[in-house]
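Trainee: Quick one: sequence and predicted model below, then my questions.
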Amino acid sequence: MSNEHSMRRVTAIRNGTVIDHIPSGQAMRVLEMLGIGGATAVPVSLVMNVPSKKMGSKDIIKVEDRELTQSELDRLALVAPDARVAIIRAYSVAEKLTINLGEELINVVRCTFSNCITTNLREPQSHRLKVVQRDPLQLRCHYCGRPQDLDELANNVL
Amino acid sequence: MTGLITMDDLTNEQINSILDDAERLLPVARGEIYLPLLQGRILGNLFFEPSTRTRMSFETAMKRLGGDVVNLGDVKTSSVVKGETLFDTIQMVDGYTDIIAMRHPRQGAAQYAQDAAQVPILNGGDGAGHHPTQTMLDLFTIKQAHGRLEGLKVVLAGDLRYGRTVHSLSHALTRFGCELIFASPDLLNMPDEIVSDLRAHGANVVETEDLYGSMADADVVYMTRIQKERFADEDEYARCAGAYKLHARHLSEVKQDMIVMHPLPRVDEIDPSVDKTRHARYFEQAFNGVVARMALLCRLLGVTVPAKIEGGAL
């Protein structure tokens, strides 16, 4: 099944954002990280586990009438670092964006160490995880310095 | 440099230069010379966890240099018990003082405080994290005994898992090319991430349970207490406590100039018979906490310690 075919499982959108090449099964988490849920007024289409030449299988999300910003998208670096993003205007791709993993993840996830100062949720300063290494990804908490378990980290998304 | 949160905040040159300052400040620390370098400055002592030596030596250091100290006091009677965040406490003390010394049970608290404060923070221990001012006094004690830090063989023994003192010290000793022997009961081994970090920085590390067999050609034996307060399980504590009890009879085969150190308080890990041997250095080490902290307070407050200190006796 071609990529084009899988894209057509849901209708093309007039205006909005298409996020393609999301690792299979991660689409719900992506929506959660973008703060898109049942209360969101705009139409959202979700395709999960469709065949992909590059990835074997993948998820796709289409958000209508909302152009996601680069900083919103960068939050996805942890779960969908290779996702491709297209901003759609009048049924055409107006802009192509990629997700950038910067030097630090700020207020994206909370440190996994149970005795870190940031586990007190009333503390107001930002949650900060520094990128120590990109491939494979290694993160350390800016405050306590503990290396982060990436599987556990997925449960600590803010 | 803003504050001192971990030893990574200091270069080796800065460490040596601060230790040199400390050496010159010894007569001031002993009260033989009055040198009010920090007159008009106020230290905020924020100890959210019990401390005797660290808190008192910071206070002594500040007062020997003519400065003043305000204390958080007992956490149970402070606004912390009312639920005040660390951020808010720091905002307040930041306005009252010129520099803050702090100990907190949560790891990362010192960095968190530094990010919230304008004044420098001196980390006096954050959970099982770092304790760099202790490391500075330890390095001062080692340099005082051996005349150098480079290339020594150092045995660190006891609770290496929860002992923040040994975490900071082993990182610092690695930077000076020391050989490290970690002697601990299996349950209290140095955390894997620290050992791999040290090895990644070129450290020669040996891990063993055999303390006494490791001391023969050591330059320093650094004992630590098995910390009851770090154990959730009483049985586990009982199994580990008393794993090592250093006695004077264990020192017959060691190098003449080997020194025995301990951050104190000790329980049973160093028998009083060791106190009278040439090797015991832990009480001088505790005193050195004053002089090392004097040098650090001056450095962080931007006050130069004079190249020659004399006169002005009380």
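Mentor: Arrived safely, thanks for sending.

Trainee: Give me the helices and strands touching the longest helix along chain A, please.
Mentor: When chain A is parsed with DSSP state H, its longest helix is helix A:27-33. Counting contacts by 3 or more C-beta pairs under 8 Å, 6 or more residues apart in numbering or on different chains; DSSP states H and E, helix A:27-33 is packed against strand A:44-52, strand A:56-64. For the C-beta atoms, the positions are set from N, CA and C on the backbone; glycine is no exception.

Trainee: again, only this time at 6 Å
Mentor: Packing contacts for helix A:27-33, counted by 3 or more C-beta pairs under 6 Å, 6 or more residues apart in numbering or on different chains; DSSP states H and E, involve no helix or strand.

Trainee: contacting residues for residue 130?
Mentor: By default, I'm working from chain A. Listed by C-beta atoms under 6 Å, 6 or more residues apart in numbering or on different chains, the contact set of residue A:130 reads A:104, A:140, A:142.

Trainee: um, chain B though
Mentor: B:6, B:123, B:168.

Trainee: Could you rerun that using 8 Å?
Mentor: A:145, B:5-7, B:110, B:123, B:164, B:167-168 (C-beta atoms under 8 Å, 6 or more residues apart in numbering or on different chains).

Trainee: buried ones in the longest helix of chain A?
Mentor: A:27, A:29-31, A:33 (16 or more other C-beta atoms under 10 Å in any protein chain shown).

Trainee: Close to chain A: what parts of the stretch 101-250 of chain B are there?
Mentor: Within the stretch 101-250 of chain B, the positions adjacent to chain A are B:104-109, B:111-112, B:115-116, B:126-130, B:193 by C-beta under 8 Å from any C-beta of the partner chain.

Trainee: And the residue of the stretch 151-300 of chain B at minimum distance from chain A, which helix or strand is it part of?
Mentor: When scored by C-beta to the nearest C-beta, the stretch 151-300 of chain B has residue B:193 as its residue closest to chain A, at 5.7 Å. Residue B:193 belongs to helix B:192-200 when assigned by DSSP states H and E.

Trainee: name the helices or strands packed onto that helix?
Mentor: Secondary-structure packing of helix B:192-200 (3+ C-beta pairs under 8 Å, 6+ apart): helix B:164-175, strand B:204-208.

Trainee: helix/strand/coil for the spatially most central residue of chain A?
Mentor: The centre of chain A sits closest to residue A:76, judged by C-alpha atoms, centre = their mean, with a distance of 2.4 Å. Here residue A:76 is helix, with the state taken from DSSP: H, G, I helix; E, B strand; the rest coil.

Trainee: Let me see the contact set for residue 157.
Mentor: Let's take chain A. When contacts are taken as C-beta under 8 Å, 6+ apart, residue A:157 is in contact with A:29, A:32-33, A:78, A:108-109.

Trainee: My question was about chain B, not that one.
Mentor: B:182-184, B:211, B:221-224, B:244, B:269.

Trainee: What score does the residue nearest to it when sequence neighbours are not counted have for pLDDT?
Mentor: Leaving aside its chain neighbours, residue B:157 sits nearest to residue B:183 (4.2 Å; criterion: C-beta to C-beta, 6 or more residues apart in numbering or on different chains). You'll see residue B:183 listed with a pLDDT of 96.

Trainee: where does residue A:117 fall, phi/psi-wise?
Mentor: Note on residue A:117: its backbone torsions stand at phi -60, psi -30 [degrees, to the nearest 10].

Trainee: any idea which of the buried residues of helix A:27-33 is closest to chain B?
Mentor: residue A:33 (23.7 Å).

Trainee: mind listing what the closest one touches?
Mentor: By C-beta under 8 Å, 6+ apart, the neighbours of residue A:33 are A:75-76, A:79, A:108, A:157.

Trainee: Also residue B:304?
Mentor: Contacts of residue B:304 (C-beta under 8 Å, 6+ apart): residue B:298.

Trainee: Checking it next. Helix, strand or coil?
Mentor: Residue B:304 is classified as coil under three-state DSSP.

Trainee: from the contacts of residue A:130, which ones fall inside strands?
Mentor: Counting by DSSP state E, the contacts of residue A:130 place A:104, A:140 in strands.

Trainee: before we move on, back to that, from chain B, how far out is the residue nearest to the centre of chain A?
Mentor: In this view, residue A:76 and chain B are 26 Å apart by C-beta to the nearest C-beta, to the nearest Å.

Trainee: Please tell me I have it right and that residue contacts residue A:84.
Mentor: No. Using C-beta atoms under 8 Å, residue A:76 is not in contact with residue A:84, being 11.3 Å away.

Trainee: got any residues that touch both of those two?
Mentor: residue A:19.

Trainee: Buried subset of the residues of the stretch 101-250 of chain B next to chain A, written for PyMOL?
Mentor: Those of these that count as buried under 16+ other C-beta under 10 Å are selected in PyMOL with:
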select buried, chain B and resi 104+105+106+107+108+109+111+112+115+116+126+127+128+129+130
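
Trainee: Give me the domain ranges for chain B.
Mentor: B:7-131+B:287-300, B:132-283 (automatic domain parsing).

Trainee: Output those domains as CSV; include the columns distance to residue B:306.
Mentor: What follows is those, written out as CSV (distance: least, C-beta to C-beta, whole Å):
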stretch, distance to residue B:306
domain B:7-131+B:287-300, 7
domain B:132-283, 19
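
Trainee: Most tightly packed of those?
Mentor: domain B:7-131+B:287-300 (a mean of 20; mean count of other C-beta atoms under 10 Å in any protein chain shown).

Trainee: That one spans what distance, first to last residue?
Mentor: This stretch, domain B:7-131+B:287-300, spans 14 Å end to end (C-alpha to C-alpha, to the nearest Å).

Trainee: Please name the bridge partners of residue 45.
Mentor: Since no chain was named, I'll use chain A. residue A:62 (DSSP bridges).

Trainee: wait, I meant chain B there
Mentor: residue B:71, residue B:101.
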